[in-house]
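[1] Compute the structure for the input listed below.
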Amino acid sequence: MAWKETNVFEERMKFVVAWKRGGWSLTDLCHEFNISRVTGYKYLKQYKLYGIDGLKDKSRRPKYHPHQTRKKIIELILQERKDHPRWGARKLLASLCA
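    Sure thing, here's the model as predicted:
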């Protein structure tokens, strides 16, 4: 017998379809899918708010990074580097701070 290949999105879809068909208590349905009730409620809420796209994985990438260098400073550094290609980091920093 071959291994079943599924992905998270398909399992979430099956969960929502089973819930919409009815005949299940949320506790039993969550037990059938091996997820917690909190997770089950989360999937149903995401589905109600965003439809099918709400069941897809969300990016975990931060929207803002507090230590990120501002674009203006990056542009200044790149321009200085372009003007003086043989200079190292120390001279570039000294010329930008002067």
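[2] Kindly provide the distance from Pro5 to Glu11.
    Quick fix: residue 5 reads Glu, not Pro. 11 Å (C-beta to C-beta, to the nearest Å). Using the backbone N, CA and C atoms, a C-beta is placed for each residue, glycine as well.
[3] Also Phe33?
    Relative to Glu11, Phe33 is positioned 7 Å away (C-beta to C-beta).
[4] Also Ser95?
    In this view, Ser95 and Glu11 are 57 Å apart by C-beta to C-beta.
[5] between the two, who's got more neighbours?
    Counting neighbours by other C-beta atoms under 10 Å for Ser95 and for Glu11 shows that Glu11 has the greater number, 15 against 12.
[6] Now the helix or strand hosting the more buried one: buried residues?
    Counting by DSSP states H and E, the secondary-structure element that holds Glu11 is helix 8-21. Counting neighbours by 16 or more other C-beta atoms under 10 Å, one finds that the buried residues in helix 8-21 are 12, 15-16, 19.
[7] pLDDT score assigned to Ala18?
    Among the per-residue scores, Ala18 shows a pLDDT of 94.
[8] check contacts around it.
    Taking C-beta atoms under 8 Å, 6 or more residues apart in numbering as the criterion, Ala18 is in contact with 24, 29, 32.
[9] among those, which are in helices?
    Secondary structure assignment by DSSP state H places 29, 32 of the contacts of Ala18 in helices.
[10] Which members of the contacts of Ala18 are classed as buried?
    When burial is judged by neighbour count using 16+ other C-beta under 10 Å, the buried members of those are Leu29.
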